[in-house]
Structure formats: structure tokens, C-alpha cells
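Student: The following block contains a protein sequence and its predicted model.
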Amino acid sequence: MIFRPMLQEDLDQVVEIEKTSMPSPWSKELFEAELQRSLARYFVAEDKGRVVGYMGYWEAPQEAHIINLAVTPDYRQKGVGFEMMEYCLRFAYNQGARLATLEVRASNMAAQKLYEKMDFRTVAIRKKYYSDNQEDAVVMLKDLV
């Protein structure tokens, strides 16, 4: 398994993972726009030439705000998400981030368990945060120092 920056040529595979993972999946065009953002960092997990996961975050002063993380169904529960998070957070730390933040759907217990395993803690609830179904978001934070 290797972790590397996401490339334009990865997007078809990334979008397929997105469709199987997210209630309101992003389009290829949205990922293309994200790859052009100067403060956005996106990475993929690749196994035997196949993209099996991805993660993105936005850089802010001393912060990595995690935007998304997904793993293809046949690679879930195998540590890929955990390893990808470790890789990306180490990268963010080396770029000057001292904390990481994210929002996660209140119903997404698998993701919350992963984040808690990585020492994220819940700091707030954003009521009716998600526009597709008005679901609450759990705001989580991790100190990187």
C-alpha cells in the first residue's frame, strides 16, 4: 500500500469510491476544482495500481481541516483509513498544522470510532448541518503536537 498525492488521472476511481461511500457524493468536476485550490491537499491510498481510498484536507493557519475520507468497500475494516489518516496528519504536521478538525455525520458511527481511535475528541454538535437530510454534524478535534 502506498500513499501519495491525488492526481487528475485518479479521479475516475476516486469518484467511484465516493459514490459507494457518501450519501451526497461529489462529482468529478468538484474534485477537479478541489485539486486546483491552493490550500487543498488530497491524497490517495493505492494498492497494486488501484486507488482504494482517498483523503482531503484544507490548510488553515496551524490547522488541517479534514474535508473527506473514504475507502472502497472491499478494503474497509483493514486499517486503510487509519493508515491514510496517519499519513495525511503527519504530512499536515510537517507543513505546520498543530491541530486537525473535521465534521462527521452523527449517524456515521464507524467513522466516529475511527476518529476516536486516532485521539480525536468531540468538541461540538452542529445542528442540521447536512443539507441533504438536515442531519447533525459532530465536530471533532485532535491536537497534533
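Tutor: Arrived safely.
Student: rest of the way, CA atoms for contacts and neighbours
Tutor: Fine.
Student: Which parts of the protein are strands?
Tutor: 2-5, 40-47, 50-60, 63-71, 99-105, 121-126, 137-143 (DSSP state E).
Student: Go through stretch 97-110 and flag the buried ones.
Tutor: In terms of neighbour count (16 or more other Cα atoms under 10 Å), stretch 97-110 has its buried residues at Ala97, Arg98, Leu99, Ala100, Thr101, Leu102, Glu103, Val104, Arg105, Ala106.
Student: Quick check: which of these has the minimum pLDDT.
Tutor: Sorting the buried residues of stretch 97-110 by confidence puts Arg105 at the bottom, with a pLDDT of 90.
Student: How many residues are close by the nearest residue to it once chain neighbours are set aside?
Tutor: Excluding the flanking residues, the one nearest Arg105 by Cα to Cα, 6 or more residues apart in numbering is Ala137, at 4.7 Å. Around Ala137 sit 20 other residues, with neighbours defined as other Cα atoms under 10 Å.
Student: my guess is Ala137 contacts Thr122, does it?
Tutor: No: taking contacts as Cα atoms under 8 Å, Ala137 lies outside contact range of Thr122: 10.4 Å.
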